[in-house]
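1. Give me the fold of what follows.
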Amino acid sequence: MRTEEVEARPHRTPILRKAVAGLVLVVVAALAIKLVIGFVMAIFWTIVVIAAVLAVLWALKTLVW
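-> A predicted model of the protein is given here:
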């Protein structure tokens, strides 16, 4: 192994690379939060629709019979 083929790696990560890595983490965290909120909202609206259907059925049963 010749010494001219081996390049010395920098001991510290360049600041631009750290900034991009931080930005990537922020974007992924924002997407994950948005996904979780969307999932919770989907469950919420499903429960609201089921409750509304049950309320209509109860009201019809009360008025008709």
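
2. Report how many residues lie close to Thr13.
-> Each residue near Thr13 was counted by other Cβ atoms under 10 Å, and the total is 9. All C-beta spots, glycine's among them, are computed from the backbone N, C-alpha and C.

3. From Val64, how far off is it?
-> 73 Å (Cβ to Cβ, to the nearest Å).

4. Please apply the same query to Pro14.
-> Noted for Pro14: a distance of 75 Å to Val64, by Cβ to Cβ.

5. out of the two, which sits in the more crowded spot?
-> Set side by side, Pro14 and Val64 give different neighbour counts by other Cβ under 10 Å, the larger being at Pro14 (9 against 6).

6. I'd like the mean pLDDT over stretch 33-46, please.
-> For stretch 33-46, the mean per-residue pLDDT is 98.

7. Outside of that stretch itself, list whatever touches it.
-> With Cβ atoms under 8 Å, 6 or more residues apart in numbering as the contact definition, stretch 33-46 has no outside contacts at all.

8. CA atoms only for that stretch - export them in CSV, please.
-> What follows is stretch 33-46 as a C-alpha-only set of coordinates in CSV (Å, rounded to 0.1, in the frame of the first residue of the first chain):
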residue,chain,number,x,y,z
ILE,A,33,-45.6,14.7,12.9
LYS,A,34,-47.8,15.6,9.9
LEU,A,35,-48.4,11.8,9.3
VAL,A,36,-49.3,11.2,13.0
ILE,A,37,-51.6,14.1,13.1
GLY,A,38,-53.3,12.9,9.9
PHE,A,39,-53.7,9.5,11.3
VAL,A,40,-55.3,10.9,14.5
MET,A,41,-57.6,13.1,12.5
ALA,A,42,-58.7,10.2,10.4
ILE,A,43,-59.6,8.2,13.5
PHE,A,44,-61.4,11.2,14.9
TRP,A,45,-63.5,11.8,11.8
THR,A,46,-64.4,8.2,11.6
